[in-house]
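In: Below is the structure, and that's it, no one-letter string:
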Ligand code: FES
């Protein structure tokens, strides 16, 4: 098992504040890895872009991950709602399951993911 973590630059903090959420992807060892970032209550939250219900992507349009009130992350397929701060599903077919959290780090006004 490879325990080495890599750090990837994603975007500027100002960019994320402007858009509130952002979808990002990269390829690691020939595998596509898709993530989402959300700026919420002065913090950056990041998760794998994969619904725990069926494994599909969550976004309904590119970079669109939130419900109409910007209160929850919402899966576009069956409408599951997830808490922004810990990824817990509070409504929908995967109730009680969580999105996979990805560690992030802010360095010089840029956001990095640790994968
Ligand atoms: S695939 Fe996300 S709620 Fe069903």
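Out: Yep, it's here. Note that the structure is a prediction, hence the values are computed from the model and not measured.

In: Can you show me the helices along the chain?
Out: 13-19 (DSSP state H).

In: residue nearest the centroid of it?
Out: residue 36 (2.6 Å; C-alpha atoms, centre = their mean).

In: tell me the contacts of it?
Out: 21-24, 46-49, 58-59, 65, 73 (C-beta atoms under 8 Å, 6 or more residues apart in numbering). For every residue, glycine as well, the C-beta is placed using N, CA and C.

In: Please repeat the previous calculation with a cut-off of 6 Å.
Out: Shown in contact with residue 36 (C-beta atoms under 6 Å, 6 or more residues apart in numbering): 23, 47, 49, 65.

In: Please apply the same query to residue 39.
Out: Contacts of residue 39 (C-beta under 6 Å, 6+ apart): 16-17, 20.

In: If you rank the residues you listed by neighbours, which is first?
Out: residue 16 (19 neighbours; other C-beta atoms under 10 Å).

In: ok, now which ones touch that one?
Out: Per C-beta under 6 Å, 6+ apart, neighbours of residue 16: 22, 37, 39.

In: Find the nearest non-adjacent residue to residue 94, please.
Out: Closest residue in space to residue 94, ignoring its immediate chain neighbours: residue 53 at 4.0 Å, by C-beta to C-beta, 6 or more residues apart in numbering.
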